[in-house]
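Enquirer: next come a sequence and a model predicted from it.
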Amino acid sequence: MNILSVSNLTKRYGKYLAVNNISFKLREGEILGILGPNGAGKTTTIQMLLGVLTPTAGDISYFGKNFKENREFILERVNFSSTYTNLPWTLTVKESFSFISYFYDIKNRKKRINEIVSLFKLKDLYNSEIKDLSAGELTRVNLAKAFINYPKVLLLDEPTASLDPDIAKYLRKFIINESEKFKVSIILTSHNMAEVEEVCDRVIFLNKGKIIADNTPEKLAKSIKIAHVELFITDGLKRTLEFCKKSNYEYKESSRFLRVDIAEERIHIFLKELANIGVNYNQISIDKPSLEDYFLQVVSK
Amino acid sequence: MKLHRLFGLFIRYMYYFRKSWDRLSDAFYWPAIDVLVWGITSAYVKKIAPDFPQIVLIIMSGLLLWLILWRAQYEISINLLEEFWNRNLINIFVSPVKFSEWVLTVMLLGLVKAIFSLPFAAILAYLLYKFNIFLYGFYMIPFILILFMTGWAVGFFVSGLILRFGTKIQTFAWTTIGLLSPLVAVYYPVSILPPAIQKISYLLPPTYVFEAGRSLIFKGLIDTQGLVISFILNIFYLILSIWFLKLSFDKILNKGLIKPH
């Protein structure tokens, strides 16, 4: 079942086309990543999906209802967290959650606030003022805020930015669990490719306002077909570098560590050729192409 | 409109008000200083001009009525600025909160905060100078209503400008209402203004209130027709200002609420 349908969405600022006629769907319980370089149109798209930016053209429907005509109904079931927004500086976490909870039709507000305070491990910060929180704590509070109304759709803009690795890991797990347990559909933007690969079921890649790819993270990564082979050259470094140069391999060398970017199906040939010219090596590692490789390839084009 | 959402917005601003020295000083400190300084000044004028005993009444009533107008305007503009400074506007409008609910809340906030700060200034004026604001009797009700309506209209107009041009013109939140003060004849009759300016004065609703106040002090009479004109003018300005604010809000939605300024 499609929870969100976006069709022909366009945003133009004067002559600049920020989002160019994009269409996509979000299924129930799906986690969709929106990736793209800076200025690709990610935040512009998120803003239009939240109704805080008026599209130049196109339609947005949630739960089969037109967003423009059913704003109140839809926003009761949608929430958002971003590193680009704040809660009021001088209010405590408790006060912020309290006033925001009244924006939604929640049955037992106190119970819900206690639940999210416990889920996001915010007990120690509950009476702290927002201005006294660290960047990581603030991100956690913002994310907790987004869960206050039992959302059916969550829009998360860089949800784990500035978090310590352990908390980020916990929250990634939490996001996946919430999505599975309560069928929450999530749209997520992140600069952390490993995070997107771990969390997202599907990725939309935006570039210059257009969708240039829409697939699973695995399939996008596989489309690259370039793997990274890393070797520690114990004997024959000069020969190896000459060979790489002659064979037009992309490579980098530092302190006898050699990294070669090479098509997956050519790895065995490469290693055989090294053996043929008498190169000795150890500590070999082969990294499969990742989403980051896909990102870098698209951005470099 | 949903009551729980109005309440959510209301407590958001009240939490802030409770702990902000800036807002507390706006509500109590500055009115107290005004009452003190203008009270002493009028007492001095009364001493050197004994033929004009009403001077204390005129100045103190002008001051207290002016505070109502200022309070209503300031509350609206400053609450919008608070959201800009805190980058919190988006947290409000990604929720089901409607623009009309925000507008109603800031209007009510002005009234509620006036309930705190005006009696404070009025009691101070009574204790220090034996000035009783209730000398106007039941006329205080239309006076307050008219002044609030004008304050709201100016507040919405200034907020519309802030939405369009951002915090670089935030000084308008403090200064715009000051533009009205020489025109609405707070402490002096309209008749002493140049004829061309008088015409402008009579287009401004508070002028009728201040004139009516003086008329009551000097003649014991009130021009009720003037108050009706004032009320009608207010309705016109209020509709115009809310329309302008809504246009400005729609305009900002064309830029997006994340990092708008």
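Expert: Arrived safely, thanks for sending.

Enquirer: lowest-confidence helix or strand of chain A?
Expert: Least confident helix or strand, chain A: helix A:291-300 with a mean of 78, by mean pLDDT, DSSP states H and E.

Enquirer: just the CA coordinates for it, please, in PDB.
Expert: C-alpha atoms of helix A:291-300 as PDB (Å, rounded to 0.1, in the frame of the first residue of the first chain):
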ATOM      1  CA  LEU A 291      26.800   3.200  -2.000                       C
ATOM      2  CA  GLU A 292      29.500   5.700  -1.300                       C
ATOM      3  CA  ASP A 293      31.300   4.700  -4.500                       C
ATOM      4  CA  TYR A 294      28.000   5.200  -6.400                       C
ATOM      5  CA  PHE A 295      27.600   8.600  -4.800                       C
ATOM      6  CA  LEU A 296      31.200   9.600  -5.700                       C
ATOM      7  CA  GLN A 297      30.800   8.400  -9.300                       C
ATOM      8  CA  VAL A 298      27.600  10.300  -9.800                       C
ATOM      9  CA  VAL A 299      28.900  13.500  -8.200                       C
ATOM     10  CA  SER A 300      32.200  13.400 -10.200                       C
END
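
Enquirer: so which elements touch that helix?
Expert: Helices and strands touching helix A:291-300, by 3 or more Cβ pairs under 8 Å, 6 or more residues apart in numbering or on different chains; DSSP states H and E, are helix A:193-199, strand A:202-207, strand A:210-215, helix A:217-222. C-betas here are computed from N, CA, C, even on glycine.

Enquirer: what sits closest to the residue of the stretch 1-150 of chain B found nearest chain A if chain neighbours are left out?
Expert: Nearest residue of the stretch 1-150 of chain B to chain A (Cβ to the nearest Cβ) works out as residue B:8 at 2.8 Å. Of all residues not flanking residue B:8 in the chain, residue A:102 sits nearest, at 2.8 Å (Cβ to Cβ, 6 or more residues apart in numbering or on different chains).

Enquirer: check contacts around the one you found.
Expert: A:109, B:4-5, B:7-9, B:11 (Cβ atoms under 8 Å, 6 or more residues apart in numbering or on different chains).

Enquirer: now do 6 Å
Expert: B:4, B:7-8 (Cβ atoms under 6 Å, 6 or more residues apart in numbering or on different chains).

Enquirer: and the residues you listed, which is closest to residue A:245?
Expert: Comparing the contacts of residue A:102 against residue A:245 with Cβ to Cβ places residue B:8 closest, at 66.2 Å.

Enquirer: which residues of chain B fall in helices?
Expert: With DSSP state H, the ranges of helices along chain B come out as B:3-19, B:21-24, B:30-48, B:55-85, B:89-93, B:99-129, B:140-165, B:172-180, B:195-201, B:205-219, B:224-253.

Enquirer: any chance of TSV for those, columns mean neighbour count and mean pLDDT?
Expert: Shown next, in TSV, are the helices of chain B (neighbours: other Cβ atoms under 10 Å in any protein chain shown; pLDDT from 0 to 100):
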stretch	mean neighbour count	mean pLDDT
helix B:3-19	18	93
helix B:21-24	13	86
helix B:30-48	15	89
helix B:55-85	23	89
helix B:89-93	23	89
helix B:99-129	17	89
helix B:140-165	22	93
helix B:172-180	17	91
helix B:195-201	13	96
helix B:205-219	21	92
helix B:224-253	16	95
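
Enquirer: and those as TSV, adding distance to residue A:289?
Expert: Putting the helices of chain B into TSV (distance: least, Cβ to Cβ, whole Å) gives the following:
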stretch	distance to residue A:289
helix B:3-19	48
helix B:21-24	56
helix B:30-48	66
helix B:55-85	45
helix B:89-93	37
helix B:99-129	48
helix B:140-165	47
helix B:172-180	55
helix B:195-201	73
helix B:205-219	71
helix B:224-253	41
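
Enquirer: can you name the residue of the stretch 101-250 of chain B nearest to chain A?
Expert: For the stretch 101-250 of chain B, Cβ to the nearest Cβ, closest residue to chain A: residue B:250, 7.3 Å.

Enquirer: now that residue, nearest residue through space, not along the chain?
Expert: According to Cβ to Cβ, 6+ apart, the nearest residue to residue B:250 is residue A:54 (7.3 Å).

Enquirer: for that neighbour, which three-state class applies?
Expert: Put simply, residue A:54 is coil when judged by DSSP: H, G, I helix; E, B strand; the rest coil.

Enquirer: tally of neighbours for it?
Expert: Counted with other Cβ atoms under 10 Å in any protein chain shown, residues neighbouring residue A:54 total 16.

Enquirer: return the set of buried residues in the host helix or strand of residue A:245.
Expert: Element membership for residue A:245, per DSSP states H and E: helix A:237-246. Neighbour counts over helix A:237-246 (16 or more other Cβ atoms under 10 Å in any protein chain shown) mark A:240, A:243-244 as buried.

Enquirer: residues in contact with it?
Expert: By Cβ under 6 Å, 6+ apart, helix A:237-246 touches A:233, A:251, A:256, A:277, A:279.

Enquirer: who in the stretch 51-200 of chain B is up against chain A?
Expert: Within the stretch 51-200 of chain B, the positions near chain A by Cβ under 6 Å from any Cβ of the partner chain are B:86-88, B:90, B:93-97.

Enquirer: residues near residue A:287, how many?
Expert: Count around residue A:287 with other Cβ under 10 Å applied: 12.

Enquirer: enumerate every residue touching residue A:10.
Expert: Residue A:10 touches A:19, A:21, A:56-58, counting by Cβ under 6 Å, 6+ apart.

Enquirer: select only the buried ones of those in PyMOL?
Expert: Buried residues among the contacts of residue A:10 (16+ other Cβ under 10 Å), as a PyMOL selection:
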select buried, chain A and resi 19+58
